[in-house]
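J.: next comes the sequence, and after it the predicted model I'd like to discuss.
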Amino acid sequence: MLNNMNTAYDLIEFNRIYLAVFYSFVATFYTTRIILLKSKITAEVIFPGQRFGTTWWNHSLFRGFRVMIWMLCVCRLLFPDTDNYIGRFTGLEEYCVIFTGILLLTAGFLFTISVHCHFGKEWRSGIDPRGPKNIISHGLYKYSRNPMFLGVAVSQLGFFLALPSVFTLICLVVGWFTLLRQTLSEEQHLLAAFPEDYTRYRLSVRRWI
């Protein structure tokens, strides 16, 4: 029993370092990718949408929570007592739960990166009013209409399991709600741009998996 408690405690302490490093890397990855892509195509790649519109709120909520998550993970590393203020679910702080969370968090992000690589310089954040030029239905898009959002959703679930608390549960609920709203907005955009092609694609491929 004591060995199991020590093992869980060691994983929690490892997780404190891992989450801080992980989200710092995520922030660096997206910042670098946006800067490099903008310089390569000399055009905007971030499209939050009309101010106070649905997609604008989606973008603002997602970005705001992403910053808060990064700041929390760094604070937890520097000031461990931060854990006393996030509403920890101590009953879920078991080795198998935390380890599963770390796996899902990492796998979801790696999957998302693979979708980024699939898009290459065609990647955009939000709805580009000038695009897309066609419907992507090959590669991962043969199995899911939203593989990138699926990867993000898996990562969000992983974050909650890796650090079960009131804060991470709120992040999970808001994150999934935001992803669903953004998905519906993008589907409407594609349906208006490609009424026949997207209708056929939507009937043959699931929204998620």
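T.: Yes, it's here. Numbers count the residues shown, from 1 in each chain.
J.: could you list the buried residues of the helix ranked longest in the chain?
T.: Determined from DSSP state H, the single longest helix within the chain is helix 2-41. In terms of neighbour count (16 or more other C-beta atoms under 10 Å), helix 2-41 has its buried residues at 8, 11, 15, 16, 18, 19, 20, 22, 23, 26, 37. In this view, the C-beta of every residue, glycine as well, is placed from N, C-alpha and C.
J.: now do the contacts for the second one.
T.: Spelled out, it's residue 11. By C-beta atoms under 8 Å, 6 or more residues apart in numbering, residue 11 lies in contact with 95, 98, 99.
J.: so which residues of the protein form strands?
T.: 46-47, 125-126 (DSSP state E).
J.: show residues contacting the last one.
T.: Counting by C-beta under 8 Å, 6+ apart, strand 125-126 makes contact with 34, 45, 46, 47, 48, 49, 55, 59, all of which sit outside it.
J.: for these, pick the one with the most neighbours.
T.: Using other C-beta atoms under 10 Å as the neighbour criterion, residue 59 leads the contacts of strand 125-126 with 20 neighbours.
J.: which one is it nearest to, not counting chain neighbours?
T.: Take residue 59 and drop its neighbours on the chain: the residue closest to it by C-beta to C-beta, 6 or more residues apart in numbering is residue 48, 3.8 Å away.
J.: I'd say the one you found and residue 61 touch.
T.: No. Counting by C-beta atoms under 8 Å, residue 48 stays clear of residue 61, with 10.8 Å between them.
J.: what residue lies at the spatial centre of this structure?
T.: Closest to where the C-alpha atoms of the chain average out (C-alpha atoms, centre = their mean) is residue 152, at 2.9 Å.
J.: gap between that residue and residue 70?
T.: 15 Å (C-beta to C-beta, to the nearest Å).
J.: can I get the buried residues of helix 2-41 in a markdown table with pLDDT?
T.: Converted to a markdown table, the buried residues of helix 2-41 look like this (pLDDT from 0 to 100):
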| residue | pLDDT |
| --- | --- |
| 8 | 70 |
| 11 | 87 |
| 15 | 92 |
| 16 | 93 |
| 18 | 96 |
| 19 | 97 |
| 20 | 97 |
| 22 | 97 |
| 23 | 97 |
| 26 | 94 |
| 37 | 89 |
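J.: what segments of this structure are helices?
T.: Ranges of helices within the chain are 2-41, 54-78, 95-119, 147-162, 166-193, 195-204, based on DSSP H.
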